[in-house]
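Q: sequence unknown, structure follows:
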């Protein structure tokens, strides 16, 4: 069935292709990234679809989209293997054949040889097959090019490979400017994510009821692992206009969140803590039991962390706590490995042993076993040591969320306590 030429089309749709997405083998991060990119251009975006590597179902999805939208963006299915069907399926939808683009093939061959030092396999030639009249989207980081193709007046298809880094580069280099030049957008839609650690979503939302009732900008809450996010979205003719709408609402919400408000957009607790440490030119070391080095991993995942992160010690066994961190056997025997006295000794020990300005320690019961009536699964003790002393905090995390959730929240809580100490904030969270 041919696309309906008379039905009015509007906005954009995203079609992600790949059986691995339907099977849950990989996370569909492309859909989220494209949604944000479209919003930044002010392009209305009404639907996202995922189909597997099946030519018939792919054609059905393209035909359906062609009746609804002006702009269809596809990801995936541009590789050299037999299950990469995107270009052929889209061409078939509109009764077009594919033609070999010699210029595209030459680029693919040169890049393949430069990277692997050998001729291109015959299978890769299919990546140079495009419908007649299609504009090539160069791929600066991979072999699979995309295309901009208008098979019918008023309907444009953009194709991208499924590799996120390749999609991002192709969008920024070619497609974003192409869309801006053709005024596909209606002004600008700008979003900002505000981040609050350890807050209750319901309590924070109730306190921010006035902001949640706004229409431009809008405010929407959603929960993450250990944190609550408030997304502010504004639409305006220009990015400056959208920013002006967001700014006062952002200020009110950050003020409302108090000490639980720690950052926005791409911030995470580790990056925020490291920024403060760098500004103060101070160092940190970690001592971990139940998190198994995840606190140190979170810190060192941030570029530039080597300037302030001296190292860490994973001390699961009591003998390691005693030998490497100086935890007394008396405390271990009398209070147990998961106790304020042991956490305190771990923080002090790692700070002294590694010569850091700050020592951060965590010990707990992540489960699923090992808990008791007095120390159930989810019982975690944190400590932060500095030259001025040591603070310890005990939390009872939700055991029903499972081991990985307890570990992840323990990492964030460790860093949040360090953040509060660095900034002189109260240890009590008003929005728990």
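A: Alright, I've got the coordinates. This one's a predicted model, so the numbers in the text were calculated from it and none came from an experiment.
Q: So which bits of the helix or strand of the chain with the lowest mean pLDDT are buried?
A: Ranked by mean pLDDT, DSSP states H and E, the weakest helix or strand in the chain is helix 102-116, scoring a mean of 83. Buried residues in helix 102-116, counted by 16 or more other CB atoms under 10 Å: 104, 105, 107, 108, 109, 111, 112. All C-beta atoms are positioned from the backbone trio N, CA, C, and that covers glycine.
Q: got it, and stretch 284-292?
A: By 16+ other CB under 10 Å, the buried positions in stretch 284-292 come out as 284, 285, 286, 287, 288, 289, 290, 291.
Q: What of stretch 48-64?
A: Of the residues in stretch 48-64, those with enough neighbours to count as buried (16+ other CB under 10 Å) are 48, 49, 50, 51, 52, 53, 58, 59, 61, 62, 64.
Q: got it, and stretch 339-358?
A: Within stretch 339-358, the residues that qualify as buried by neighbour count (16+ other CB under 10 Å) are 339-351, 353-354, 356-358.
Q: And stretch 306-323, by the same measure?
A: The neighbour-count criterion (16+ other CB under 10 Å) identifies 308, 309, 310, 312, 313, 314, 315, 318, 321, 322 as the buried residues of stretch 306-323.
Q: Can you pick out the most distant pair from the residues you listed?
A: In the buried residues of stretch 306-323, the most distant members under the criterion CB to CB are 308 and 318, with 29.7 Å between them.
Q: Now stretch 269-280: buried residues?
A: Residues 269, 270, 271, 272, 273, 274, 275, 277 are the ones in stretch 269-280 that count as buried (16+ other CB under 10 Å).
Q: In CSV: those, plus pLDDT and secondary structure.
A: Below are the buried residues of stretch 269-280 laid out as CSV (pLDDT from 0 to 100; DSSP: H, G, I helix; E, B strand; the rest coil):
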residue, pLDDT, secondary structure
269, 97, helix
270, 98, helix
271, 98, helix
272, 98, helix
273, 98, helix
274, 98, helix
275, 98, helix
277, 98, helix
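Q: and which of the residues you listed is nearest residue 73?
A: Closest approach to residue 73 among those (CB to CB): residue 271, at 30.2 Å.
Q: OK, contacts around the closest one?
A: 263, 302 (CB atoms under 8 Å, 6 or more residues apart in numbering).
Q: and it, how far is that from residue 278?
A: To residue 278, residue 271 is 10 Å away according to CB to CB, to the nearest Å.
Q: Ok, residue 81 next?
A: For residue 81, the distance to residue 278 under the criterion CB to CB works out to 46 Å.
Q: Kindly report the same for residue 379.
A: Distance of residue 379 to residue 278, given as CB to CB: 33 Å.
Q: Check residue 228 too.
A: Applying CB to CB, the value for residue 228 to residue 278 is 27 Å.
Q: what do you get for residue 126?
A: From residue 126 over to residue 278 (counting by CB to CB), the distance is 49 Å.
Q: same check, this time on residue 164
A: Using CB to CB, one obtains 29 Å as the distance from residue 164 to residue 278.
Q: likewise residue 87?
A: For residue 87, the distance to residue 278 - CB to CB - is 48 Å.
Q: Quantify the burial of the nearest residue to residue 150 once chain neighbours are set aside by counting its neighbouring residues.
A: Once flanking residues are discounted, residue 150 sits nearest to residue 156: 4.9 Å by CB to CB, 6 or more residues apart in numbering. Under the neighbour criterion other CB atoms under 10 Å, residue 156 is assigned a count of 21.
Q: Helices along the stretch 1-150 of the chain, start to end?
A: 19-22, 29-40, 55-66, 86-93, 102-116 (DSSP state H, counting those that start in this stretch).
Q: which residues sit against the second one?
A: With CB under 8 Å, 6+ apart as the contact definition, helix 29-40 has outside contacts at 12, 14, 16, 44-45, 48, 50, 73, 75-76, 160, 162, 164, 167-168, 171, 176, 188-191, 233.
Q: Show me how to select, in ChimeraX, the buried members of those residues.
A: Only the buried members of the contacts of helix 29-40 enter the following ChimeraX selection, criterion being 16+ other CB under 10 Å:
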select :12,14,16,44,45,48,50,73,75,76,160,162,164,167,168,171,188,189,190,191,233
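Q: hmm, back to that, remind me what the helix or strand containing the residue nearest to residue 150 packs against, helices and strands.
A: Under DSSP states H and E, the secondary-structure element containing residue 156 is strand 155-160. The helices and strands touching strand 155-160, judged by 3 or more CB pairs under 8 Å, 6 or more residues apart in numbering; DSSP states H and E, are strand 71-75, helix 86-93, strand 135-137, strand 146-152, helix 164-170.
Q: Isn't residue 419 up against residue 427?
A: No - Residue 419 sits out of contact with residue 427 when judged by CB atoms under 8 Å, with a separation of 10.8 Å.
Q: So for those two, which residue has more residues nearby?
A: Per other CB under 10 Å, whichever of residue 419 and residue 427 has more neighbours is residue 419, with 22 against 14.
Q: Not counting sequence-adjacent ones, nearest residue to the more buried one?
A: Excluding its sequence neighbours, the residue lying closest to residue 419 (CB to CB, 6+ apart) is residue 273, at 5.1 Å.
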